[in-house]
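[1] Give me a model of this one.
(one chain, ligands or ions: 1)
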Amino acid sequence: MENPTSQKLFDSATELIPGGVNSPARAWRSVGGTPLFFESGQGSRINDVDGNSYIDYVCSWGPLILGHSHPDVVQAAQDATAKGASFGAPTAYEVETARLVVDAVPSIEMVRFVNSGTEATMSAMRLARAATGRNLILKFDGGYHGHDDALLVRAGSGLATSGIADSAGVNPKLAEDTIVAPYNDLEAIEQIFDAHSERIACVIIEPIAGNMGVVPADPEFLTGLRRITADEGCLLIFDEVISGFRAAFGGAQEVYGVYPDITCLGKIIGGGFPVGAYGASVELMSHVAPLGPMYQAGTLSGNPVAMAAGAATIRHLAKPDTYARLALTTAQLADGLREIFNETETPATVNHATGMLTLFFGVDSVKDMTTAANNDHQQFTSFFHKMLEHGVYLPPSPYEAWFISLAHTSEDIDATLQAVRDSL
Ligand code: KE4
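    Sure, this is the predicted structure:
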């Protein structure tokens, strides 16, 4: 594939924008090469600025569960924009989308919209601290919840020790209040609460992790975590920015039957427009300004365009058999990949949940960040570039989820599996 226009745009971009990108995830640093620039997408396909077309498994990192430029979503956004993109005042749009979210997500009685998943998790942690009067945060190794300082922290030297800043510019004093535990390890959680009981405000977890690659929580781990946090008076935050409206209409909490105190959402509920949300019981949300003393605000929070696009998206997802269909397409791809690796005796494992999957080369089981990190990065890198040549656009990192949309057809999956065979 020739990409002169992408190269030219990238050369200009790198003079103006750090690394030529507005988010490091798009920089292709871990796979090398020049990031492709895109100009259009329809359904499951995305077209770069040099006229090359690909089956897309990034789907804007999750929001486009209906596929690119779904006519109802485009129409909803156009209608809202034409009447006024933003008022800085309440509109009917946000009430409608709030109703859809509250009715869909079991643990949410009341919701606040913000502009990104980062804002959602940042606000959820502040709410947890406000509601409990405690300060410590517990997150998981390999969990990504956006770029809030308290969450850009990696594990300390010992299990129950303070975290260490994982980005320049994060105040080490702040990182000390975050503890990092191994995912899917209930014993570790018990030890940490023994050491810090009464001081932990919240545990924040991706119930189906998507940022160490896809790693679903073991059911007994999640139910154990729910029990321990409830016993300890510590709030459980489900970061469902990826899994919300993807794993099921009610998210991973509906799949597992485990209900958090606070749920964070993003991506899908904005239909491709900037959005985030955090929701909880009426009692918990009564801490949030202007009702209560916990402050959080935002110029474009709940903006009409994102709310209209989000509502149009959620209405489609509410239709019967939506998730049965998405689960089937995902399984067709996941099982097809497993078959190919068996046939070709390629050491690899595939983790999947409805609408998302990750392929890990060189390992036979991935349950946490440590096992995920054993994957054969080099093999993924050459696979990524070969798949591009065969017209398939994958996330440019082995630690991301491939996102499957409702626009991906059985033919798309077959074509993808053929591309995998040719690439191997
Ligand atoms: P945003 O602030 O990027 O809207 O959301 C942050 C976030 C929160 N929680 C989870 C579970 C997330 O996956 C994310 C963001 N996901 C990344 C990719 N895995 C977005 C891509 C990017 O950072 O450009």
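[2] I'd like the average pLDDT over the strand or helix carrying Glu411.
    Using DSSP states H and E, Glu411 falls within helix 410-423. Across helix 410-423, pLDDT averages out at 98.
[3] I would like the residues contacting stretch 313-326, please.
    65-66, 70, 72-73, 97, 100-101, 104, 245-246, 248-249, 268-269, 271, 354-355, 404, 406 (Cβ atoms under 8 Å, 6 or more residues apart in numbering). Every residue, glycine included, has its C-beta placed from N, CA and C.
[4] one more time with 10 Å
    63-66, 70, 72-73, 76, 96-97, 99-101, 103-104, 245-250, 254-255, 268-273, 328, 330, 354-356, 404-406, 408 (Cβ atoms under 10 Å, 6 or more residues apart in numbering).
[5] Go through it and flag the buried ones.
    For stretch 313-326, the neighbour count (16 or more other Cβ atoms under 10 Å) marks 313-314, 316-317, 322-323, 326 as buried.
[6] picking that back up, please pick the buried ones from the contacts of stretch 313-326.
    The buried subset of the contacts of stretch 313-326 (16+ other Cβ under 10 Å) comprises 63-66, 70, 73, 76, 96-97, 100-101, 104, 245-250, 254-255, 268-273, 330, 354-356, 404-406, 408.
[7] Which of those residues fall in strands?
    Met356 (DSSP state E).
[8] Identify those among the buried ones among the contacts of stretch 313-326 that sit within helices.
    73, 76, 96-97, 100-101, 104, 254-255, 330 (DSSP state H).
[9] Would you point out the most distant pair within these?
    Spanning the widest gap among these are Glu96 and Thr330, at 29.3 Å by Cβ to Cβ.
[10] ok, Ala201 to His68 distance?
    40 Å (Cβ to Cβ, to the nearest Å).
[11] cool, Arg421 as well?
    26 Å.
[12] more crowded one of these two?
    Of the pair Arg421 and His68, His68 is the one with more neighbours under other Cβ atoms under 10 Å, namely 22 against 13.
[13] Helix, strand, or coil at the nearest residue to that one once chain neighbours are set aside?
    With Cβ to Cβ, 6 or more residues apart in numbering as the measure, Gly41 is the residue that lies nearest to His68, at 2.9 Å, once sequence neighbours are left out. Following DSSP: H, G, I helix; E, B strand; the rest coil, Gly41 is assigned to strand.
[14] so what's Gly41 up against?
    47, 53-54, 56, 59-60, 64, 67-69, 272, 393, 407.
[15] looking at the sheet around it, what are its partners?
    With DSSP bridges as the criterion, Gly41 is bridged to Ile46.
[16] distance of it from Arg226?
    38 Å.
[17] which phi and psi does the closest residue to the ligand within the stretch 151-300 of the chain have?
    Ranked by Cβ to the nearest ligand atom, the top residue of the stretch 151-300 of the chain for proximity to the ligand is Val241, at 3.5 Å. The phi and psi values for Val241, taken as degrees, to the nearest 10, are phi -60, psi -40.
[18] how much space is there between it and Glu96?
    From Val241 to Glu96 the distance is 21 Å (Cβ to Cβ).
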